[in-house]
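1. Here is my input, please return the structure:
(chains A and B)
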Amino acid sequence: MFSTDRGTYTMTSYQSQLGEGAGIAEELAESQRAISIAEFFEKNKHMLGFDSGARALVTAVKEAVDNSLDACEEAGILPDIYVEIEEAGDYYRLTVEDNGPGITREQLPKVFGKLLYGSRFHKREQNRGQQGIGISAAVLYAQLTSGKPAKITSRTKGGGEAEYFELIIDTDENEPEIDVAESAAWDRPHGTRIELEMEANMRARQQLRDYVQHTAVVNPHARIELREPAGEFKFERATDQLPAETEEIRPHPHGVELGTLLKMLDATDSYSVSGFLQGEFTRVGGTTAEKVIDNFRDRHFGREMAWCPPRAHEAADVEAAVADAVANKGREATAAFAERVAAAAGDRDRIAHHELVAVIDDAAEGIEAEFDTTFGDTVRENAVAAAWKTITADRESDLYAIVDGATTTRKDDAGVRGMAERIAAKFERAEDDRDRLTRATLAEFVRKSAADTAEYDDVTFGETAREKVVDAVWDVMETVPDDPPKVRDVADDRDAASELLEAMRETDIISPPTDCLAPITEDLVLEGLRKEFDADFFAAATRDASVHGGDPFIVEAGIAYGGDLEDGGSIEVMRFANRVPLVYQRGACATTDVVKTINWRNYGLDQPGGTGMPNGPAVVMVHVASTNVPFTSESKDAVANVPEIEDEIELAIREAARDLKSYLNKRRSMEKRRRKQDKLATILPEMAEKLADVTSREELVIGDSLARIMSNVLIDREVEGDTVRLTVENNADTNASPELTDIVSAQPRDTDGASVVEMDDEWFVKWEPTVASGEEAVLEYTVEGDADFDLSVGGVADEKLTVNA
Amino acid sequence: MSTDTPEADAEAREQLIDLAEEFYDQFASGEVPRMTIPTRTKSNIEYDEDKNVWVYGDRKSTRSAKSVSGAQKLLKSIYAIDFLARQLKENRSSTLRELYYLSESWDLDEAQFNDQDESNQLVEDLEIVSGVTREDFHMRPEESGATLMGPLYLREQTRRGEREIHCQEDVGEGGYQIPNNPDTIEFLDCSDALIVHLKGQPARATRRITKRLHDELDLPVVVFTDGDPWSYRIYGSVAYGSIKSAHLSEYLATPEADFVGIQPEDIVEYDLPTDPLSDSDVNALESELEDPRFQTDYWREQIELQLDIGKKAEQQSLASRGLDFVTDTYLPERLGEMGVV
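-> Residues are numbered from 1 along each chain as shown, chains lettered A, B, ... in the order given. Take a look at the predicted model:
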């Protein structure tokens, strides 16, 4: 029922008028007209994400929200989306409202009839729609389970009154129908509201909430509200920056499959394969097209064997043979012709049949001009045949050299000779006199010859040796100049199309452009995580674009750690494809696999056994953006294990994890320091007290000792008359660069190089000294009369600072 | 080595409080309190030519309050100083083990000792830093059980007054119990050879009385042990001083003491029944080869021989030659060789 072509189910917003989309529709159109759409849906609902009441609700929300987001973004509107789920008797009512551009009556059937009218091709663009079958499936599901129409309210931007529609799909005719259309009152200035009643349940409540929350994380530009029977959630907007607009790109020759290629061949306006390649694919210009076509020729026509022409002194004489073959053309002209052909052929190391034809045509034309005689087709053909016979008279010694060269291990000479002899015989006996054959035929020649050689000469040519011989022979064979078949012939010939596809794949072609992708970007990943998780630390990484098959992709990763995140169990992994959360099939996803293979202990997370899901209060998010995200199955819940993508996922996670590691290390050393400080803060005062006791002396003040003990930066203030002196003593092992800001209530003078700013009768005196380990810096200024001071110090962690000022 | 007088107590107490004053001053001047003591390892002992004993060398280690463990050590030291000063003031005494248990009663957990080794070591540290011996702190070890037997007539200061004791006639089969502070003994007369039963690695009191017997009664001292590395260390601490208490070597060591055996050479010569050397025996022998106290030709030869034959023998193995072999043959021969008899 479903084609396995990648990305066949695609869609963009239902509010856009583009009719790209579903292969399902196409299949339906081709073969399913006979059965009703209801039946079709029933048969395939597991693939469409409607196999249970719980999942149906999640899928419907997902489709509706994805569509709303796409619609808003395409119109350049910051999305504001409201999702509500209510119990309605035996059913659930799902309402999704957005502030998108709205939809007109004319667009309605196209949008909701997507399942029925698909467009032909997959659109090479990063869009959310790749993930789903579309809102139309939800409409159909709702209608089939509750019998109620979809209720749609919409107001287009600047379009006056809102309109209200009720839409049902006529399952007999397989056509969407608008039952009710009237104007309505609606408070949104523009947007669309869809209301569906369906058989459902809330057993997947957590997935539903996760889906909406995760959507909010990767769409920090959106404001989303979810209201369901057991709770209300608001996800606020964190940025006003809309995702960069993505551009549609043509497919890359390495990224198409046979089915797609056939459709493209069928639909193109191009006449020639070269034009088709250059017109329909990205990164294909004239030169690349020619390379592809040469490879296509090799497959389609085969190559011609180029033989070493006999040298002048050899017995087989091209000149004599040609001279003999030409009759009635005058002695001189004939001799001159034969001589030229022999010379031109003899100039070459090797000559293939089509090259000989060219040589003879060339010579014939020259002679015709010079001698004023006609060398017609028959004469030329005779000459070609005679010369070719001479050239191919001794295929065996030619092949002997090639086979010998290709056989690295010292094969028995008789075996090499036997092999050459047998291959030569096969060329001799071949139907095509031009010694033209495909690689497959050549391989067959070699295979059979090897079998005979093994039998008669008792010399074995193993698979590798045979392969080398085939390579060596194929290498000297020449691509033929025949015109490739025209596009329409290829389109009608599945084998030829397959040959073309192989040729495309074999040819080196630069990677597709990557500007068609819109990553969330590092900053916004951080924003998204920050707004949804109350954590202590956030890290994000956006990789450069890479390519798998013919599709560019970008991987991004983010990590949130600590704070209010739940500790004690596995970390949470959030997976996204083109900004859409993947909720189901976590275990089958490449993302999850990669997270499990990373040694998280290196990055400071607990990982029992050193492999598998790490533990800790952390969330890891991975976003794969691509013009074609490869999924494990049609339900599009899990990213497939494509090595290139896995590598990038790993690199992205590791990049973010490195930041996590240095954060955790720092935190640990600060914790250690704090523990030490705490411990010493209990021990030292006790020590001081005991000492005062034992020695019967006065109580000790130990602040300065404590600062030195803690290797801290110690800041003391001394006021002597009008002079204020701040001493910065660095007891640490490394340089310290504290930023001191003394807020003084009277005007300071002679401020020792400080920057002074006055604000509301307070003077902010600021220094940034760098103090080497074990050194001290003295900062001085004068101030008249009584002044208040308030010193704040930045640039040094609190744990490493003691301020007595 | 000390006498128990009110003046000596006051002196000891003052030394301890001086130490506390030092810490106090360091704190008061904003410095990090610290205590410097000689490094107490075998790599830091050296021979004192004048006194003929091994003492600590110049290497020092500093215990500073910069680290949690250093601060904890110092805190414990100050608590111990407080305790000892009080004990001296009240003219009481206690045992090392009691000090360890006593620390449990201190209100601050950080000041409590983790084990008795720690408290023992701390008292030794205080001895070294203050220059006062632990006996003068009124700290006693537990009885080591070492005894003395022979025609020695002495006068001992006991809690029950002076007693005059003959160490052969006035004692039971077990012999005369060496008191913890042998400096309270006055030797009156000695008519022949004495046996000091060391009971393993000799306690300070045992070594001290041995030294006094040699110094005051002019008795030659010979050490007769098993033929294994641990026994050589026993001889080492009698003759050269121990590493742990090298600061007291002058009072405790008897450099003139000689080693009788069993020597590895004897094992070969008398073909004694043996046990093979264990891994720890071999390690101990190798470590002795690096021990500065054993850097003599004699010891190097003997230890290398023993490593070579890979065997050790007990004193009692001499009985394989007959019960009288020790007294009739071995000792006369050895002591003759050594020029003692």
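2. Which SSE is immediately downstream of whatever helix or strand A:K291 lives in?
-> Per DSSP states H and E, A:K291 falls inside helix A:286-300. Note on helix A:286-300: by DSSP H and E, the next helix or strand toward the C-terminus is strand A:303-304.
3. For the helix holding A:K291, list every residue counted as buried.
-> By neighbour count with 16 or more other CB atoms under 10 Å in any protein chain shown, helix A:286-300 contains the buried residues A:T288, A:A289, A:K291, A:V292, A:I293, A:D294, A:N295, A:F296, A:R297, A:D298, A:R299, A:H300. (Each C-beta comes from the backbone N, C-alpha and C, glycine too.)
4. Then stretch A:269-284?
-> A:S270, A:S272, A:V273, A:S274, A:F276, A:L277, A:Q278, A:E280, A:F281, A:T282, A:R283, A:V284.
5. What are the contacting residues of it?
-> Stretch A:269-284 is contacted by residues A:124, A:249-253, A:264-265, A:268, A:285-286, A:288-290, A:292-293, A:296, A:484-488, A:490, A:500, A:504, A:509-513 when judged by CB atoms under 8 Å, 6 or more residues apart in numbering or on different chains.
6. now swap in stretch A:721-731 and tell me
-> With contacts defined as CB under 8 Å, 6+ apart, stretch A:721-731 is touched by A:707-708, A:710-719, A:736, A:738, A:740, A:742, A:744, A:748, A:767, A:769, A:771-784, A:787, A:789, A:791, A:805.
7. Let me know how buried A:A640 is, in neighbour terms.
-> Applying other CB atoms under 10 Å in any protein chain shown, we find 16 residues neighbouring A:A640.
8. who's in contact with the closest residue to it other than its chain neighbours?
-> Ranked by CB to CB, 6 or more residues apart in numbering or on different chains and with sequence neighbours excluded, the top spatial neighbour of A:A640 is A:P630, at 4.2 Å. Contacts for A:P630 (CB under 8 Å, 6+ apart) come out as A:R6, A:H548, A:G549, A:V639, A:A640, A:V642, A:I645.
9. And the closest residue to the second one other than its chain neighbours, how far from A:R579?
-> What sits nearest to A:H548 in space, not counting adjacent residues and going by CB to CB, 6+ apart, is A:E644, at 4.1 Å. Here the criterion is CB to CB, to the nearest Å. By it, A:E644 lies 20 Å from A:R579.
10. the more surrounded of these two?
-> Counted by other CB under 10 Å, A:E644 and A:R579 do not tie: A:R579 has more neighbours, with 25 against 15.
11. For the most far-flung residue of chain A relative to its centre, give its distance to chain B.
-> Most distant from the centre of chain A: A:S696, at 76.9 Å, with distances by CA atoms, centre = their mean. Noted for A:S696: a distance of 9 Å to chain B, by CB to the nearest CB, to the nearest Å.
12. Does the closest residue to chain A within the stretch 201-341 of chain B fall in a helix, a strand, or a coil region?
-> Across the stretch 201-341 of chain B, the shortest distance to chain A (CB to the nearest CB) belongs to B:H247, at 23.1 Å. Per DSSP: H, G, I helix; E, B strand; the rest coil, the secondary structure class of B:H247 is helix.
13. Look up the closest residue to it, ignoring the ones flanking it.
-> What sits nearest to B:H247 in space, not counting adjacent residues and going by CB to CB, 6+ apart, is B:I128, at 4.7 Å.
14. Let me know how buried the one you found is, in neighbour terms.
-> By other CB under 10 Å, the residues close to B:I128 number 18.
15. returning to that earlier point: pull out the buried residues from the contacts of stretch A:269-284.
-> Buried by 16+ other CB under 10 Å: A:124, A:249-253, A:264-265, A:268, A:288-289, A:292-293, A:296, A:484-485, A:487, A:490, A:500, A:504, A:509, A:512-513, out of the contacts of stretch A:269-284.
16. In helices, which of these fall?
-> In helices, defined here by DSSP state H, the members of the buried ones among the contacts of stretch A:269-284 are A:M264, A:L265, A:T288, A:A289, A:V292, A:I293, A:F296, A:V487, A:V490, A:L500, A:M504.
17. Going by distance to A:V357, which of the residues you listed wins?
-> Minimum distance to A:V357 across these is 20.4 Å, recorded for A:I293 (CB to CB).
18. Quick check: pLDDT value at the residue nearest to A:H548.
-> According to the prediction, A:E644 has pLDDT 88.
19. Show me what the one helix or strand it maps to is packed up against.
-> Using DSSP H and E, A:E644 maps to helix A:643-695. Packed against helix A:643-695 by the contact rule (3 or more CB pairs under 8 Å, 6 or more residues apart in numbering or on different chains; DSSP states H and E) you find strand A:537-542, strand A:546-548, strand A:551-561, helix A:590-597, strand A:618-626, helix A:703-709, helix B:6-28, helix B:68-89.
20. Compare those and give me the one nearest B:A284.
-> helix B:68-89 (28.8 Å).
21. tell me which residues of the closest one are tucked away?
-> Neighbour-count burial for helix B:68-89 [16+ other CB under 10 Å]: B:68, B:70-85, B:87-88.
22. so after the strand or helix carrying B:I234, what's the next helix or strand?
-> Per DSSP H and E, B:I234 falls inside helix B:229-239. Downstream of helix B:229-239, the first helix or strand assigned by DSSP H and E is helix B:249-252.
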